[in-house]
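**Student:** take this sequence and fold it.
(chains A and B)
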Amino acid sequence: MAETNGKPRSFQEIILRLQSYWAGHGCAMMQPYDMEVGAGTFHPATTLRSLGSRPWAAAYVQPSRRPTDGRYGENPNRLQHYYQYQVLIKPSPPDLQDLYLGSLKTIGIDMGLHDIRFVEDDWESPTLGAWGLGWEVWCDGMEVSQFTYFQQVGGHDCAPVSGELTYGLERLAMYVLGVDHVMDMPFNDPGAPIPLSYGDVFRQTEQEYSRWNFDVANTDVLLRHFEEAEAECEAILSQPHDDPKTGQRIVMAHPAYDQCIKASHLFNLLDARGVISVTERQAYIGRVRALAKKCADAFVQTDAGGYAA
Amino acid sequence: MPDLLIELFSEEIPARMQARAAEDLKKRMTDALVEAGLTYGGAAGFATPRRLALAVEGVLASSPTTREERKGPRVDASDKAIEGFLRGAGVTRDQLEVRDEKKGQVYYATITRPGRPASEIVAEELEKIIRNFPWPKSMRWGAGSLRWVRPLHSILCILTDEMGEATVVDLEIDGIRAGNTTEGHRFMGHGSFAVTSFDDYRAKLRRDHVMLEARERADHIWQDASNQAFAAGLELVEDAGLLAEVSGLVEWPVVLMGQIDEDFLGLPGEVLQTSMREHQKFFSVKNPKTGQIERFVTVANVETADHGATILAGNQKVLAARLSDAKFFWENDLRLVRDKGLAGMAEGLSGVTFHNKLGSQADRIARIAALAREIAPGVGADPDLAEQAAKVAKADLQSEMVYEFPELQGLMGRYYAEAEGLPPEVAAACQEHYSPLGPSDAVPTGAVSVAVALADKLDTLTGFWATFGFPTGSADPFALRRAALGVVRLIVENNLSIGLYRVLYGGAAKRSVKAADAAGPVANLEFRGMIIAKYRDVLAQFAENPDYAEKKRAFGVIRMKTESFDADYADWAAVSAHNILQLHEIEVVEDLLAFFHDRLKVYLKDQGIRHDVINACIAMPGNDDLTLLVKRAEALSAFLKTDDGENLLQGFKRANNILTQAEEKDGVEYSYGADVKFAETDVEKAIFAALDTAEPEIARALEAEDFAGAMAVMAGLRPAVDAFFDAVQINADNQVLRRNRLNLLSRIRVICLQVADLTRIEG
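**Tutor:** Next comes the predicted model:
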């Protein structure tokens, strides 16, 4: 059990405190999705579960990859692989802002010393066909979270509305721990027998992936995989809802959505390789969005999506 | 009479929407009260990040009872008609009154509507207002269906009578029941409290650290920030937009001044200011002696035990990260410019699409450079410098700094041009060629800047015109109206004499048509049909209006065999692609000139010149010289405001009417040969003498483009013309006399029409 009094001492302690805080407020503690995604929103526990009428409450850490942000581990703030902490509650509870502020307290942000502000920021994900209204939350002038009330996902109106919280964990932790360079941040407890810094864990991978993302990834292969993922997604969704083998109604929204996620990440890799022109960019985003919409259409045809036979 | 207090308490309202929302709430509620018969003494709307509030003083406690008399059918009308009337009026037959009227006995109904208590009306109207509130963007939340800008948490709605007794208005919307409680500051408040009146509300909010009025918050920020800056021997940089925004981000402003790390003080002031304003919403604080920005002011929303030390340290840290980015961009850009020059920076623009129908930025810049060179002599600029400036003016679009801060485009170009040691005119043009951006933006005056600015805008206009045609309705995605107004202002306010035909034909329009054609052949068959159909009208105009033919010859644009277009146009394909492009070019130029005239009309109207006056001047030759056109219009407008001018106009109209009628009747044109020897009276002789004197004087004045002078001479004709009309009968029985007098009128008409087409003047 994480120490909840006083300042946290490490990156992982901040994660553990958030976990226990949101668990204490009734969220299902999900694990990261086992695929490459650009943000915690892509986890089906957010994208798909924000659709339909069934109540939902989940929280999880999601490793996120943004190939274009790679800086070979040298930039104090930018990483091509980083962690987001994600909370999604549907319907959004009336005290969500207070719950959120409570989570900041839990990780050692003293409201008596800091300036917390909710600054207008309308969130939109062109690849997911999703948008919502909310804020970026500032702590002493630094953006520490996104706070969004989902209005539409995959082209579907959200009813009820989900409240989504996304914490940029590294940035938040650096601030709380008073660290200037992400690689210097203690990952585990500095007093542990084997203390590890963020750099001990990730500097090498940042270098390796930066090189691969920018210069080595085989763009022909990536392009082919993109096409294949797109085709597979559509092929899955074109199957009849009734499974001929089991005789049951099985709409394969999740397997199809996996392919959509895959296409999205492949697009990000292609983008980092600089082989996508400005005009093509829009076209690719449109293609991923089309998949996301079809997956959303399929999900609302499932039990979890509120479908009643 | 009671006072009304409303507060709509929600999660954080975007700063940019608050002022408008407070106004909307006030307007909608007071309009609704008045509509329902409730007058009031005064009203004020308020907004903070978490609340919209409205205080209305002296509201009628209930609406007055109203009586309406309604006339019904005649007594002997059918039962059906009478029943219908009763239903409509909501009365029974025995309540009707019978009155004798001319046409017989008629039913009258008196409809009485009893007054209603204010609380009932407020409840009803407030619900409507909340449900239909004009937020620029609104949302749903939770499981509800209500829309508001962000989740709405509570409604305070009370009526306070003269005794100070407050009553809660009975109202519930989507589970939110109106009450008499609210809360103060999110972090410095003490939970929920009840209020009994507006004064009580305001006082308790203040106790709980909320300044209700945006004005007060802004004043506080400004005062405190100025004082802190002053105490340090520095000066706060004014920024009204930022002040308004920041006042909408806090309920309890706490002003903190911080240091900018010395490492960053070498950055251009605009970069510091932009980065701080855009990313952090910081004010800049400068050293009045050096003009250098040295510190920043941030506005927190909370008072802390350490007097803001933690907050300031955090903000400083974020700023340092931002400014190290800016510094990195600045240094990279400077290195590139030192190595390869601005021209080297511009190289990358060949890979950047300007518009997929108009080629790359590099293509566009080549067109602008050619045009700037052509325009240069006409604006007094050195053609080489103008071309050089045009070639590098947009290079900064490739800089890292402008990629990060697009609003610094132009300015960075200037810095980089200076760093490279380019001529000062070129550096200035980099910054100034985007201007003027709007009706109130300053117009550049340096000749090179003007040449590039004109070339830039004209290329945009001809390019998009050649590709998409002119903007219709409110849709103007490429801001062509703004560009055209820019051209008008550049020419007119610099008093430049530029023949736009000469600039456009063969130059700007030709290159744009070519570019449009290269991107997606303009000369396809469908387009040919369109162009030929359009061109028929232009041809017809050419035939009718010799002025067109003149222009045609003068600019040598069309050398095609016009005969081949007299055919049926059945075979569009037979028209060569080359000719089609020429036709398109003519079309673009003609349309564009009309567009400039439209912009000019708007521009002159703002200066108090009537549209008919402008039309009268546009109808004159040389209307592609906008400065000349404006001079003419100004002179005419001033002339028509004098008695002489107004009377002469009436004299002209009279002469013109008589002439037109006579010409129609006789089927001839009276245009020549009035002879003084047929003049009968002294008055008639006098006008010949007056015209003989005036004509050469007017000709000289017009030659010198002295329109005011020409009109002054014309004004001198007024007594002679007036006397002539008073004393002489035009349509004399003697045909020789009549013809002579008509020809004399024609002479007057011709003189008057030399300055403007007065037939277009109204009234």
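**Student:** what does the stretch 101-250 of chain A put close to chain B?
**Tutor:** The stretch 101-250 of chain A comes close to chain B at residues A:111-120, A:122, A:132-135, A:139-142, A:149, A:151, A:158-161, A:163, A:175, A:180, as judged by C-beta under 8 Å from any C-beta of the partner chain. The C-beta positions use only the backbone N, C-alpha and C, and glycine is treated the same way.
**Student:** now, of the residues you listed, which are buried?
**Tutor:** Among these, the ones that count as buried by 16 or more other C-beta atoms under 10 Å in any protein chain shown are A:111, A:113-120, A:132-135, A:139-142, A:149, A:151, A:158-161, A:163, A:175.
**Student:** which element, helix or strand, includes the residue in the stretch 251-400 of chain B that chain A sits nearest to?
**Tutor:** Closest contact between the stretch 251-400 of chain B and chain A, by C-beta to the nearest C-beta, is at residue B:314 (2.7 Å). Using DSSP states H and E, residue B:314 sits in helix B:309-346.
**Student:** mind listing what's buried along that helix?
**Tutor:** B:310-312, B:314-320, B:322-327, B:329-330, B:333-334, B:336-337, B:341-342, B:344-346.
**Student:** isn't the residue of the stretch 251-400 of chain B closest to chain A right up against residue A:142?
**Tutor:** Yes: taking contacts as C-beta atoms under 8 Å, residue B:314 lies within contact range of residue A:142: 6.3 Å.
**Student:** give me the common contacts of these two.
**Tutor:** residue A:175 (C-beta atoms under 8 Å, 6 or more residues apart in numbering or on different chains).
**Student:** narrow the buried ones among the residues of the stretch 101-250 of chain A next to chain B to those in strands?
**Tutor:** Judged by DSSP state E, strands contain the following of these: A:116-120, A:132-135, A:139, A:142, A:149, A:151, A:163.
**Student:** what pLDDT does the closest residue to residue B:358 other than its chain neighbours get?
**Tutor:** Of all residues beyond its chain neighbours, the one nearest residue B:358 is residue B:463 (4.9 Å), with distances taken as C-beta to C-beta, 6 or more residues apart in numbering or on different chains. For residue B:463, the model assigns a pLDDT of 84.
**Student:** repeat that for residue B:471.
**Tutor:** On pLDDT, residue B:471 comes in at 69.
**Student:** same thing with residue B:203?
**Tutor:** 97.
**Student:** and the helix or strand it falls within, what does it pack onto?
**Tutor:** Per DSSP H and E: residue B:203 is located in helix B:198-207. Contacts defined by 3 or more C-beta pairs under 8 Å, 6 or more residues apart in numbering or on different chains; DSSP states H and E place helix B:198-207 against strand B:3-10, strand B:51-57.
**Student:** what comes into contact with that helix?
**Tutor:** Contact with helix B:198-207 is made by B:3, B:5, B:7, B:53, B:55, B:156, B:160, B:182, B:184, B:193, B:195, B:211-212, as judged by C-beta under 8 Å, 6+ apart.
**Student:** contacts only, for residue B:189.
**Tutor:** B:183, B:208, B:209, B:210.
**Student:** help me confirm that residue B:294 is found in a strand?
**Tutor:** Yes: per DSSP: H, G, I helix; E, B strand; the rest coil, residue B:294 lies within a strand segment.
**Student:** what residue ranges in chain B score low on pLDDT?
**Tutor:** Chain B contains residues with pLDDT under 70 at B:470-474, B:506, B:519-577.
**Student:** closest residue of the stretch 51-200 of chain A to chain B?
**Tutor:** Counting by C-beta to the nearest C-beta, the stretch 51-200 of chain A gets nearest chain B through residue A:140, at 2.7 Å.
**Student:** please name the nearest non-neighbouring residue to that residue.
**Tutor:** Nearest non-adjacent residue to residue A:140, counting by C-beta to C-beta, 6+ apart: residue B:314, 2.7 Å away.
**Student:** now the one you found: how far from residue B:274?
**Tutor:** 21 Å (C-beta to C-beta, to the nearest Å).
**Student:** could you do residue A:153 as well?
**Tutor:** Residue A:153 is 35 Å from residue B:274, by C-beta to C-beta.
**Student:** more crowded one of those two?
**Tutor:** Between residue A:153 and residue B:274, residue A:153 has the larger neighbour count (other C-beta atoms under 10 Å in any protein chain shown), namely 26 against 19.
**Student:** give the contact list for that one.
**Tutor:** Residue A:153 touches A:47, A:50, A:51, A:128, A:129, A:130, A:296, counting by C-beta under 8 Å, 6+ apart.
**Student:** tell me which two of those sit farthest apart.
**Tutor:** A:50 and A:129 (12.2 Å; C-beta to C-beta).
**Student:** which one of these two has more residues nearby?
**Tutor:** Counted by other C-beta under 10 Å, residue A:50 and residue A:129 do not tie: residue A:50 has more neighbours, with 28 against 21.
**Student:** could you double-check that that one sits in contact with residue A:88?
**Tutor:** Yes: at 6.4 Å, residue A:50 counts as touching residue A:88 under the criterion of C-beta under 8 Å.
**Student:** and for these two, which residues touch both?
**Tutor:** Residues touching both residue A:50 and residue A:88 by C-beta under 8 Å, 6+ apart: A:56, A:162, A:164.
**Student:** for the last one, give the beta-bridge partners.
**Tutor:** The partner list for residue A:164 in beta bridges (DSSP bridges) reads residue A:88, residue A:148.
**Student:** show the pLDDT at it.
**Tutor:** With respect to pLDDT, residue A:164 scores 97.
**Student:** tell me where the stretch 51-200 of chain A has strands.
**Tutor:** Counting by DSSP state E, counting those that start in this stretch, the stretch 51-200 of chain A has these strands, from start to end: A:56-65, A:81-90, A:116-120, A:123-125, A:130-139, A:142-153, A:156-157, A:163-168.
**Student:** so how far is residue A:37 from residue A:64?
**Tutor:** In terms of C-beta to C-beta, residue A:64 sits 6 Å off from residue A:37.
**Student:** using the record's domain definitions, break chain B down for me.
**Tutor:** Per automatic domain parsing, the structural domains of chain B span B:3-62+B:117-207, B:66-113, B:214-333, B:352-393+B:433-606, B:640-760.
**Student:** can you give the distance of the shortest one from its chain's centre?
**Tutor:** A distance of 54 Å separates the C-alpha centroid of domain B:66-113 from that of its chain, computed with C-alpha atoms, centre = their mean, to the nearest Å.
**Student:** how long is that domain from one end to the other?
**Tutor:** End-to-end span of domain B:66-113 (C-alpha to C-alpha, to the nearest Å): 5 Å.
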